[in-house]
Structure formats: C-alpha cells, structure tokens
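A.B. asks: I would like the atomic coordinates for the input below:
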Amino acid sequence: MTAVAVVSPTIAINETSRAMECFNSNYELLFRDFKVQLVEQYRQMRELYMNEYQENYDQNTSRTEDRISDAKQSIEDKEGHIRTLEKNKAN
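C.D. replies: Numbering: from 1, shown residues only. Next up, the predicted model:
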C-alpha cells in the first residue's frame, strides 16, 4: 500500500514578540470587524423594536382617546336628552 498523503508534524512557533504582535494584530482586526457587525445588527434590531413599540403605543393611545371621545359624546347626548325631557315635562 502506498501513502497518498503525508501529514507533516506541526511546527512549533516560538513565542517571540514579533509572532505575538502578528497574532494580536490579526486577532484585533478580526474581532474589530465582528464587533462592528454585531453592534450594527443590535442597532438595527433595537431600532425595529422601538418603531414597533411606538406604533403599538400610538394605536393604543388613539384607541383610548377614541373611547374617551365616544364616552364624552354619549354623556353630552344623554344630558341633552335629559334637558329635552325636562323642558317637555315643564310644558
């Protein structure tokens, strides 16, 4: 049987300041890009959430205001009806 592929042993890298600086700069570059993307995704999600919250709040507020207006109108109508009945009773 012949060997198809030969895997060479790992090469040890001396922990020199140059090797460490190279690793650190590459790591920082990769992490910085990841962090920028992560923060942007979070910003977009937060903006979407805030927009949805504001829309729901506006809808709920307008519904409440509509109900208050309807209740006020109903009270005014009933007060008007009472005044009419009182006038008719006095005559």
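A.B. asks: Using CSV, write out the CA atom coordinates for stretch 66-76.
C.D. replies: Backbone C-alpha positions of stretch 66-76 (Å, rounded to 0.1, in the frame of the first residue of the first chain) are rendered in CSV as follows:
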residue,chain,number,x,y,z
ASP,A,66,-61.4,57.5,20.7
ARG,A,67,-63.1,55.7,23.6
ILE,A,68,-62.9,58.8,25.8
SER,A,69,-64.3,60.9,23.0
ASP,A,70,-67.2,58.4,22.5
ALA,A,71,-67.9,58.4,26.2
LYS,A,72,-67.9,62.2,26.4
GLN,A,73,-70.2,62.3,23.3
SER,A,74,-72.6,59.8,24.9
ILE,A,75,-72.7,61.8,28.2
GLU,A,76,-73.4,65.0,26.2
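A.B. asks: tell me the mean pLDDT over it?
C.D. replies: Across stretch 66-76, the average pLDDT comes to 90.
A.B. asks: mind listing what's buried in that stretch?
C.D. replies: Taking 16 or more other CB atoms under 10 Å as the basis for neighbour counts, none of the residues of stretch 66-76 comes out buried. C-beta here means a position set from N, CA and C on the backbone, and glycine is covered the same way.
A.B. asks: just the helices in the chain please.
C.D. replies: According to DSSP state H, the chain carries its helices in the segments 17-90.
A.B. asks: List phi and psi for residue 7.
C.D. replies: phi -100, psi 120 (degrees, to the nearest 10).
A.B. asks: Let's see the pLDDT reported for it.
C.D. replies: With respect to pLDDT, residue 7 has a value of 74.
A.B. asks: repeat for residue 4
C.D. replies: Reported pLDDT at residue 4 in the predicted model: 68.
A.B. asks: Over to residue 15?
C.D. replies: Value for residue 15, per-residue pLDDT: 68.
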